[in-house]
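Trainee: Can you look at this prediction? I've put the sequence above it.
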Amino acid sequence: MRTRARDDSRHRDFAIATTGALVYGTTIVFSRIVAKNGLGPVTALAMRFAIAGILLVGVLVVLRRPVLPPNGERVRAVLLGVLYASESSCFFIALEHGTTAAVALLFYVYPAVVATVEIVIGALAPRRSTFLAIALSTAGAVVVAVGGGSVSISATGIVFAMGAVVCFTTYALASARLLPRTDALTSAAWTAIGASSTMLVVGVCTGSLRAPGESTAPIVANGIATATAFTLFFVAVGRIGASRTSVVMTLEAAFAVVLAAIFLNESLRWLELVGGAAVLAGAAVAGLVIPERAEEVAVAEPP
């Protein structure tokens, strides 16, 4: 009976993580819809993260978890939001120049990039499995980039997708080091608030804020989905750990591809399928070789 209860609990925990990956996949599709509408990243991201930040603060209040980061980490939390805004802007612009599948699959090179940087700075011991993850992700990214042609993603889209990878890698490595005492969900809330504030300032200074018009519904849905995904992600981390959750989160790209095919009528070429499988395999291997210490640090949430 005890073993069965443990198995049921494990299945429930992985179901939570899988649901989180599914909801993250919807955020990519919503962003693609807004990008195709031509609204631009400033208004879209300012609204998306404002809605997500407000909802996440509400979740913190309901759960009676700290709303504010501890003294000494509050400014850092907002600054991480600025970095996250840069990543999200690159990702959004990439979606303006490529299909959901191409951008999502290219973005999932980031676990291998994080592993590479950690090896270089001495934070992660080099292992064969780590190099396998890097090789799979790199080869897969090249296939996705060149296999689909300009119809799937343009050179501009590739540049901004990889820019998103660089920004997110920096964010992922910095978040654990700059916010060691901040509750993970609190960090997510203030990342969203910082990102929204950044885009609002940019919009005011450049005069690029616009009425969302026909994009209002997908932006609101995106904000709600973002808050929901963040919450499910951190619930999963608390139950099954950061590395296992990160592995399950590779399903985000697969869900995004399927949802885009269903709702946006976007097809996936066979070379992109092969390259995407390699990227996701590399992400999974990277997650599986995360050392035990990774379970104890804060983790970064995907876009």
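Mentor: Received the coordinates, thanks.

Trainee: In three-state terms, how would residue 211 be classified?
Mentor: Following DSSP: H, G, I helix; E, B strand; the rest coil, residue 211 is assigned to coil.

Trainee: what about the nearest residue in space to it that is not next to it in sequence, which helix or strand?
Mentor: Of all residues not flanking residue 211 in the chain, residue 43 sits nearest, at 8.0 Å (Cβ to Cβ, 6 or more residues apart in numbering). Any C-beta I mention is one placed from the backbone N, CA and C, and that applies to glycine too. According to DSSP states H and E, residue 43 maps onto helix 41-63.

Trainee: Contacts for that helix, please.
Mentor: With Cβ atoms under 8 Å, 6 or more residues apart in numbering as the test, helix 41-63 has contacts from 31, 34-35, 66-67, 81, 85, 88-89, 92-93, 185-186, 188-190, 192-193, 195-196, 199-200, 202-203, 206, 208-212, 215, 219-220, 222-224, 226-227, 230-231.

Trainee: Filter those residues down to the buried ones and hand me the PyMOL line.
Mentor: Buried subset of the contacts of helix 41-63, written as a PyMOL selection, criterion 16 or more other Cβ atoms under 10 Å:
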select buried, resi 31+34+35+81+85+88+89+92+93+185+186+188+189+190+192+193+195+196+199+200+202+203+209+212+215+219+222+223+224+226+227+230+231
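
Trainee: Of the contacts of helix 41-63, which belong to helices?
Mentor: 31, 34-35, 81, 85, 88-89, 92-93, 185-186, 188-190, 192-193, 195-196, 199-200, 202-203, 206, 219-220, 222-224, 226-227, 230-231 (DSSP state H).

Trainee: quick one, what contacts residue 190?
Mentor: By Cβ under 8 Å, 6+ apart, the neighbours of residue 190 are 53, 69, 74, 77-78, 80-81, 182.

Trainee: same thing but 6 Å
Mentor: residue 77 (Cβ atoms under 6 Å, 6 or more residues apart in numbering).

Trainee: The one 5 residues further on now?
Mentor: Taking Cβ under 6 Å, 6+ apart, we find residue 195 in contact with 49, 81, 84-85.

Trainee: From those residues, pick the one nearest residue 253.
Mentor: For the contacts of residue 195, the closest approach to residue 253 (Cβ to Cβ) belongs to residue 84, at 18.8 Å.

Trainee: which helices and strands sit right next to the helix or strand hosting residue 116?
Mentor: According to DSSP H and E, residue 116 maps onto helix 110-120. Helix 110-120 is packed against helix 128-147, helix 155-178, helix 270-288, with contacts defined by 3 or more Cβ pairs under 6 Å, 6 or more residues apart in numbering; DSSP states H and E.

Trainee: Now residue 153, what are its backbone angles?
Mentor: Taking degrees, to the nearest 10, you get phi -160, psi 130 for the backbone angles of residue 153.

Trainee: Show me where this structure dips below the pLDDT cut-off.
Mentor: Of all residues in the chain, those with pLDDT under 70 make up the ranges 1-8, 147-151, 242-243, 287-303.

Trainee: Now residue 25: closest residue in space that isn't a chain neighbour?
Mentor: Per Cβ to Cβ, 6+ apart, closest to residue 25 is residue 255, 3.0 Å.

Trainee: Buried residues, the helix or strand containing that neighbour. List them.
Mentor: Here residue 255 sits within helix 251-263, counting by DSSP H and E. Neighbour-count burial for helix 251-263, with 16+ other Cβ under 10 Å as criterion, is recorded at 251-260.
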